[in-house]
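S.K.: predicted model and sequence follow; I will ask about them next.
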Amino acid sequence: MVASSDGMNHVFHRDFNRDYPLIAYGEGIYLVDKKGKRYMDASSGAIAANLGHGVTEIGEAMAAQAKQAGFVHTLRFETEVQHELAQAISQLAPRTLNHVYFTSTGSEANESAIKFAIQYHRDRGNSSKTITIGRWQSYHGNTMGSLSAGGDVLRRTPYLANLMQTEHVHSPYCHRCPYQRHFDQCKVKEQLDCVEEVERLIQEIGPENVASFICEPIIGSQQGAVVPPDSYLSQVRALCDRYDILLIIDEVMTGFGRTGHHFAIEAFKIEPDIITFGKGVSGGYAPLAGMIVSDRLVDSLKKYGKGKFIHGSTFSGHPVSLAAGRAALRYYKRHRLLDNSKKQGAYLLHKLHGLRDKHRTIGNIRGRGLLIGFEMMRDRHTDTFYEPTDRAAEQLNQIAMRLGVIFYPGSGTLDGIRGDHLLIGPPLTINETEVDELVYRLSLALVLFEQE
């Protein structure tokens, strides 16, 4: 840490118990600190730096926009870059989602979507439809609304008295099915058990009170890249249609090539009412996120809501951030990073399965593209997890950082408290040699961790 001229460190740190390395610059999939130590960024920061570090053309695009117009208030003005990026994003989304609302963070994007769902129903005369249903072991952000909809137990607990009314169901974690079922028992049924739970909850609350259902297509930080059964989201879509509930798909982590698709929802062949996005849209080069809204909802807003969304923020549609997003999307396309995400993701999965044979700590491995996770076990052979107080994933990541590689540790895999996992999500620019290096360093970290 660095002290100022008065001898104090004036940063309000996220954790005052840590000594944070100071990063001097980034280069490809690496970060380099002031002492010259190189860190392989195997988590793309927080699964955000999809393009890697040091892409000068994005910085140049931001600087050029700042010279033209560094800020406009979107309540009064719009910019050409806003229209260009909105069009580019809508062309990547399912065919009925063509209207893009920009925010600065994924938390704001999900907050916007939740509020818009409530307004949509109120505008149509259904003012009692205010409740959002989310899932346990999910994460949608840290604003009060997005935190309420999410199912991160440890983050929610300090603010329970302040959270808005939401309801939650179990996530579709088939490997650890909360109903103690085997998937073969479920797939022969008309509805999966985890979908039946959604319908049962809707009926208990009353469909007339439910505004939206929000979920990640692939569960990210809270369970470590858990992929649902192929039919899960289509069954949820059908429920939402039956009970006039808006389906919000949170692609903040999974969007823009992370899973080998523009949006992960493509693989499940459904069209939600709203997609939220963030992180990878700018490759992490600027705060940028938003929501993509279906034509049907926008038509309703024009007809019943006087065309006005009762919401807004100062930096919504910030032109310099939008310029970063426009440059990032061009970079994705020119360098065929979706293809590389699929190719290197498959190779990384193969290498991890090989590594699993050598380490009792590695449990179930799962994921799509370059969003891959695995359970951390005290002993895989006896199906024994570490205790929450062991902070196993965090300890493994600290060892890995000493070895010059950074992962994304997670806890609460099973019930919000118990169970650890490690999320691996390097920049989509990674090559095969770098994947080999990543796996080698992970293996060294596991050896040291298991010894300690």
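M.R.: Everything's here; your move. Numbering: from 1, shown residues only.
S.K.: what are the buried residues along the lowest-mean-pLDDT helix or strand in the chain?
M.R.: Every helix and strand in the chain was compared by mean pLDDT, DSSP states H and E; the lowest is helix 183-187, with a mean of 75. For helix 183-187, a neighbour-count test (16 or more other Cβ atoms under 10 Å) marks Cys186 as buried. Backbone N, C-alpha and C define where each C-beta goes, glycine included.
S.K.: for the helix or strand that that helix is followed by, packing partners?
M.R.: Toward the C-terminus, helix 183-187 is succeeded by helix 193-205 as the next helix or strand (DSSP states H and E). Judged by 3 or more Cβ pairs under 8 Å, 6 or more residues apart in numbering; DSSP states H and E, helix 193-205 is in contact with strand 131-135, strand 166-169, helix 232-242.
S.K.: isn't Thr259 up against Phe268?
M.R.: No - using Cβ atoms under 8 Å, Thr259 is not in contact with Phe268, being 10.8 Å away.
S.K.: so for those two, which residue has more residues nearby?
M.R.: Thr259 (30 against 22; other Cβ atoms under 10 Å).
S.K.: and after the top strand by length along the chain, which helix or strand comes next?
M.R.: Across the chain, the longest stretch assigned as strand under DSSP state E is strand 371-379. Where DSSP H and E defines the elements, the next helix or strand beyond strand 371-379 is strand 384-385.
S.K.: relative to strand 371-379, how tilted is the helix or strand following that next one?
M.R.: Once the chain leaves strand 384-385, the next helix or strand it forms, by DSSP H and E, is helix 392-402. For helix 392-402 against strand 371-379, the angle by axes from the mean of the first three to the mean of the last three Cα atoms, to 10 degrees is 110 degrees.
S.K.: contact partners for the residue nearest the centre of the chain?
M.R.: Nearest residue to the geometric centre of the chain (Cα atoms, centre = their mean): Met253, 2.4 Å. By Cβ atoms under 8 Å, 6 or more residues apart in numbering, the residues touching Met253 are 47, 106, 216, 220-221, 279, 371.
S.K.: can you tell me which of these are in helices?
M.R.: Using DSSP state H, the subset of the contacts of Met253 located in helices is 47, 106.
S.K.: and which of the contacts of Met253 is nearest to Gly425?
M.R.: Closest approach to Gly425 among the contacts of Met253 (Cβ to Cβ): Ile47, at 4.4 Å.
S.K.: from Lys279, how far out is the closest one?
M.R.: 6 Å (Cβ to Cβ, to the nearest Å).
S.K.: hmm, Leu349 is touching Gly367, no?
M.R.: Yes - in this structure, Leu349 is within contact of Gly367 by Cβ under 8 Å, at 7.0 Å.
S.K.: between the two, which is the more surrounded one?
M.R.: Taking neighbours as other Cβ under 10 Å, Leu349 and Gly367 compare with Gly367 leading, 24 against 18.
S.K.: distance check, the more buried one against Gly373.
M.R.: 6 Å.
S.K.: find the residues that touch each one of these two.
M.R.: 225, 424.
S.K.: pLDDT value on Met1, please?
M.R.: At Met1, the pLDDT value in this model is 65.
S.K.: next: the one 4 residues further on.
M.R.: Looking at Ser5, its pLDDT stands at 70.
S.K.: angles on the backbone of the nearest residue to Leu428 once chain neighbours are set aside, please.
M.R.: Excluding its sequence neighbours, the residue lying closest to Leu428 (Cβ to Cβ, 6 or more residues apart in numbering) is Leu337, at 4.2 Å. Dihedral angles of Leu337 (phi, psi; degrees, to the nearest 10) stand at phi -80, psi -20.
S.K.: show me the helices in this structure, by range?
M.R.: Listed in chain order (using DSSP H), the helices of the chain are 44-47, 56-68, 80-92, 106-123, 144-149, 153-156, 183-187, 193-205, 232-242, 295-304, 319-334, 337-356, 392-402, 432-451.
S.K.: mean pLDDT for the ones you listed: which is lowest?
M.R.: Among the helices of the chain, helix 183-187 scores lowest, at a mean of 75.
S.K.: which residues make contact with it from outside it?
M.R.: 174, 177, 192-193, 229, 231.
S.K.: one more time with 6 Å
M.R.: 174, 192-193 (Cβ atoms under 6 Å, 6 or more residues apart in numbering).
S.K.: which of those sits closest to Arg122?
M.R.: For those, the nearest to Arg122 is Leu192 (31.7 Å; Cβ to Cβ).
S.K.: count of neighbours near that closest one?
M.R.: 24.
S.K.: what's the nearest residue to it if we skip its chain neighbours?
M.R.: That would be Cys186: by Cβ to Cβ, 6+ apart, it lies 4.8 Å from Leu192.
S.K.: and which of the contacts of helix 183-187 is nearest Asp273?
M.R.: Leu192 (21.1 Å).
S.K.: before we move on, the earlier item: reformat the helices of the chain as CSV; add distance to Tyr20.
M.R.: Listed next are the helices of the chain as CSV, based on distance: least, Cβ to Cβ, whole Å:
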stretch, distance to Tyr20
helix 44-47, 14
helix 56-68, 23
helix 80-92, 33
helix 106-123, 22
helix 144-149, 25
helix 153-156, 21
helix 183-187, 43
helix 193-205, 40
helix 232-242, 39
helix 295-304, 42
helix 319-334, 25
helix 337-356, 28
helix 392-402, 11
helix 432-451, 20
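S.K.: so which of the ones you listed gets nearest Asp15?
M.R.: Comparing the helices of the chain by Cβ to Cβ, helix 392-402 comes nearest, at 10.9 Å.
S.K.: the closest one packs against which elements?
M.R.: strand 408-411, strand 420-424, helix 432-451 (3 or more Cβ pairs under 6 Å, 6 or more residues apart in numbering; DSSP states H and E).
S.K.: hang on, the earlier thing: what two of the contacts of Met253 are the furthest from one another?
M.R.: Gly106 and Leu371 (14.9 Å).
S.K.: more neighbours, these two?
M.R.: The neighbour comparison of Gly106 against Leu371 (other Cβ under 10 Å) goes to Gly106, with 30 against 27.
S.K.: wait, that one touches Gly278, no?
M.R.: Yes - taking Cβ atoms under 6 Å as the definition, Gly106 is a contact partner of Gly278 at 3.4 Å.
S.K.: who touches both of the two?
M.R.: 252, 289.
S.K.: dump the residue contacts of Phe268.
M.R.: Leu233.
S.K.: could you redo the last one with a cut-off of 10 Å?
M.R.: Phe268 is in contact with 217-218, 227-234, 236-237, 249, 261, counting by Cβ atoms under 10 Å, 6 or more residues apart in numbering.
S.K.: now the closest residue to Leu75 other than its chain neighbours: how far from Lys333?
M.R.: Take Leu75 and drop its neighbours on the chain: the residue closest to it by Cβ to Cβ, 6+ apart is Gly312, 6.2 Å away. Using Cβ to Cβ, one gets 31 Å for the distance from Gly312 to Lys333.
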